[in-house]
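Peer 1: would you be able to build a 3D model of this:
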Amino acid sequence: MSTQEATELESPEEQKLALDVSVTSPQACLREVVVTIPRGEVDRYMKKAFDELVPDAQIPGFRHGRAPRKLVEKQFKETIHERVKGSLVMDSLAKVTDGHGFSAIGEPQFDFDAVEIPDSGDFKFQFSIEVRPQFETPQWRGLNLSKPVESIADEDVDAAIDRLRMKNSTMEATDEAAVEGDRLLINAKFSHEGEFLSEFEEEFATLSGRVSFPDGACENFGEVMAGVMEGDVRTAKATISQGADVEALRGKEVDMEVTVVEVLHRNLPDMSAAFLEELGDFDSEAEFREFVLASLQRQARYREQQAVRKAVVDLLVDSSKFDLPVDLVRRQTQRELQRKILELRRSGFMDDQISGFVNAIRQNAQAETEVALREHFILEQIAEELSIEADASDYDSEIELIAQQSGEAPRKIRARLEKQGQMDALRNQIVEGKVIDAITAEAVVSERPLEKAKEQPSEAAMSHHIAPLKGAFIPEAMHDNESNPDATKSPSK
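Peer 2: Next comes the predicted model:
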């Protein structure tokens, strides 16, 4: 029976539903609830249901609405029982979740079809529901925070433009030795202590310092594959991540045999008027540099905000301890991954950069998710105490930022988020950002220049798993309109 059908029968208005509720806590963040509805309440709901049905009942041999009540009750007993059952369950669930000292974070789990209203006696059913952990809100006013301030220089803009030219380069097969940045069409086999693990054929990988997989990485891929030519075979080591699906392989080194099918050399485009128009109808190179600078500044603000957020939540989490069940962490892992992707997209990161982040996040998915859940519960509790919520204009602003980075219409972005069920993740992102702003506003903040990290080896991200999957709960990290992790859209005005 659907929710709509269950609510077609309005609850009796003459008095509130009386019921008895028993709540137990078998584990953290889980409540087992037993609901008992007295027989008198069942009969009252039944009476109202038949009172509404009898005037409109159609039974052969009787005029419309003139059939004897006893005959109507017999004829429509099963239908009314189902409708009343739905009404009683829906009304009691609303009353239980609103008034019994816990905040639900999921839907009640029970088999509706297995619940039956008895012919006599009380109506009883039970369900389990995940709830927010209970803890005292940590002291968040007057924190001492250090905020890193990142500046963007001309050389940063130059490097970003070079990366963009690399993405928009054309590929040409070559018989020459591969150099960094070339594309390699490769076959690969993975094994551990002589035992075959997995393989793939004819997938592209950029020749870079490091190549990451959803469950591991080869740190010296660029060194091993330097100077390869078509037909060459090279061997390397890849390390399985601690969060890999196959527990026995976590942290282990595995053998990687790579066969080069083809080497494709990149031809970088000149900064011509035609190229600028292709990128986003820019009128001049100076205008394009301004666009790139603005994008880098957004990324810098994102990193600054993340540093402040980390400083805030580290202090809050350290002062607030509560348990999280493993099952909850596993189920929330994908949701946290979606939230992180949204954050990165609205902050100006390109899809190939996001792919690298996604693979890194996946490799420590459960540990990262547990930390994120603790942060979320604390920030959500503060949001409730401050009456902070996301309004329509907040959604519009966030979607507009994502649209600016992708070059798509905001309406299309919103439709996709709604279809993929990511609006809730967007809501959490908005609310948590507001809470961090509120905490920062009442904190003692000192600024410090951010020392730029030494340039890390370039990285290629691949979607193939090294270890064979066995019921993994995290899907492939592919993005919209992306056939491989290196394929990205050009920026748009």
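
Peer 1: report the buried residues of the host helix or strand of residue 296.
Peer 2: Take DSSP states H and E as the rule and residue 296 turns out to sit in helix 285-318. For helix 285-318, a neighbour-count test (16 or more other Cβ atoms under 10 Å) marks 288-289, 291-293, 295-296, 298-300, 302, 304-305, 307-309, 311-313, 315-317 as buried. Where you see a C-beta, it was placed from the backbone N, CA and C, and this is true even at glycine.

Peer 1: and residue 437, how far from residue 87?
Peer 2: 43 Å (Cβ to Cβ, to the nearest Å).

Peer 1: which SSE is immediately downstream of the helix holding residue 296?
Peer 2: helix 326-346.

Peer 1: can I get that next one as PDB, trimmed to CA atoms?
Peer 2: Only the C-alpha atoms of helix 326-346 are listed here, as PDB (Å, rounded to 0.1, in the frame of the first residue of the first chain):
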ATOM      1  CA  VAL A 326      29.500   0.200  11.200                       C
ATOM      2  CA  ASP A 327      26.400  -0.400   9.100                       C
ATOM      3  CA  LEU A 328      25.500   3.300   9.200                       C
ATOM      4  CA  VAL A 329      29.000   4.300   8.200                       C
ATOM      5  CA  ARG A 330      28.900   1.900   5.200                       C
ATOM      6  CA  ARG A 331      25.500   3.200   4.000                       C
ATOM      7  CA  GLN A 332      26.500   6.800   4.300                       C
ATOM      8  CA  THR A 333      29.800   6.400   2.400                       C
ATOM      9  CA  GLN A 334      28.400   7.000  -1.100                       C
ATOM     10  CA  ARG A 335      26.300  10.000   0.200                       C
ATOM     11  CA  GLU A 336      29.400  11.600   1.600                       C
ATOM     12  CA  LEU A 337      31.200  11.000  -1.700                       C
ATOM     13  CA  GLN A 338      28.400  12.800  -3.600                       C
ATOM     14  CA  ARG A 339      28.500  15.700  -1.200                       C
ATOM     15  CA  LYS A 340      32.300  16.100  -1.700                       C
ATOM     16  CA  ILE A 341      31.900  16.000  -5.500                       C
ATOM     17  CA  LEU A 342      29.300  18.800  -5.300                       C
ATOM     18  CA  GLU A 343      31.600  20.900  -3.200                       C
ATOM     19  CA  LEU A 344      34.500  20.400  -5.600                       C
ATOM     20  CA  ARG A 345      32.400  21.200  -8.700                       C
ATOM     21  CA  ARG A 346      31.000  24.500  -7.300                       C
END
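
Peer 1: list the contacts of residue 307.
Peer 2: Contact analysis of residue 307 by Cβ atoms under 8 Å, 6 or more residues apart in numbering lists 147-148, 450.

Peer 1: which of these lies closest to residue 20?
Peer 2: Among those, residue 147 lies closest to residue 20 (Cβ to Cβ), at 53.1 Å.

Peer 1: pretty sure the closest one sits in a helix.
Peer 2: No - under DSSP: H, G, I helix; E, B strand; the rest coil, residue 147 sits outside any helix and is assigned strand.

Peer 1: before we move on, back to that, and the contacts of residue 307, which is closest to residue 247?
Peer 2: residue 148 (37.0 Å).

Peer 1: nearest residue to the closest one in space, please, no chain neighbours.
Peer 2: Nearest non-adjacent residue to residue 148, counting by Cβ to Cβ, 6 or more residues apart in numbering: residue 450, 3.8 Å away.

Peer 1: I figured that neighbour hits residue 147, correct?
Peer 2: No - contact criterion Cβ atoms under 8 Å: residue 450 and residue 147 do not qualify, at 9.3 Å.

Peer 1: where do the contact lists of the two overlap?
Peer 2: 304, 307.

Peer 1: still on that earlier bit, centre of the chain to the helix holding residue 296, how far?
Peer 2: Distance of helix 285-318 from the chain centroid (Cα atoms, centre = their mean, to the nearest Å) equals 20 Å.

Peer 1: do the same with stretch 379-393
Peer 2: 19 Å.

Peer 1: for that stretch, how far is the first residue from the last?
Peer 2: Distance across stretch 379-393, first residue to last, is 21 Å (Cα to Cα, to the nearest Å).

Peer 1: and it, what's buried?
Peer 2: Counting neighbours by 16+ other Cβ under 10 Å, stretch 379-393 gives 379-383, 388, 390 as buried.

Peer 1: ok, the nearest residue to residue 403 once chain neighbours are set aside - contacts?
Peer 2: Of all residues not flanking residue 403 in the chain, residue 410 sits nearest, at 4.4 Å (Cβ to Cβ, 6+ apart). Counting by Cβ under 8 Å, 6+ apart, residue 410 makes contact with 396, 399-400, 403.

Peer 1: pull the distance from stretch 165-174 to the chain's centre.
Peer 2: 33 Å.

Peer 1: endpoint to endpoint, that stretch covers what distance?
Peer 2: End residues of stretch 165-174 are separated by 20 Å (Cα to Cα).

Peer 1: and that stretch, which residues are buried?
Peer 2: Result for stretch 165-174 [16+ other Cβ under 10 Å]: buried residues 165-167, 169.

Peer 1: hang on, the earlier thing: the contacts of residue 307 into CSV, with extra columns for distance to residue 344, neighbour count and pLDDT?
Peer 2: CSV is the format used below for the contacts of residue 307 (distance: Cβ to Cβ, whole Å; neighbours: other Cβ atoms under 10 Å; pLDDT from 0 to 100):
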residue, distance to residue 344, neighbour count, pLDDT
147, 21, 16, 85
148, 19, 16, 87
450, 19, 15, 76
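
Peer 1: how far away is residue 65 from residue 54?
Peer 2: Relative to residue 54, and taking Cβ to Cβ, residue 65 is found at 7 Å.

Peer 1: okay, the two: which has more neighbours?
Peer 2: residue 54 (17 against 13; other Cβ atoms under 10 Å).

Peer 1: quick one: pLDDT of the more buried one?
Peer 2: On pLDDT, residue 54 comes in at 80.

Peer 1: so it touches residue 71, yeah?
Peer 2: No - in this structure residue 54 lies outside contact range of residue 71 using Cβ under 8 Å: 9.8 Å.

Peer 1: quick one, helices of the stretch 351-493 of the chain?
Peer 2: 351-363, 365-385, 392-406, 410-419, 423-441 (DSSP state H, counting those that start in this stretch).
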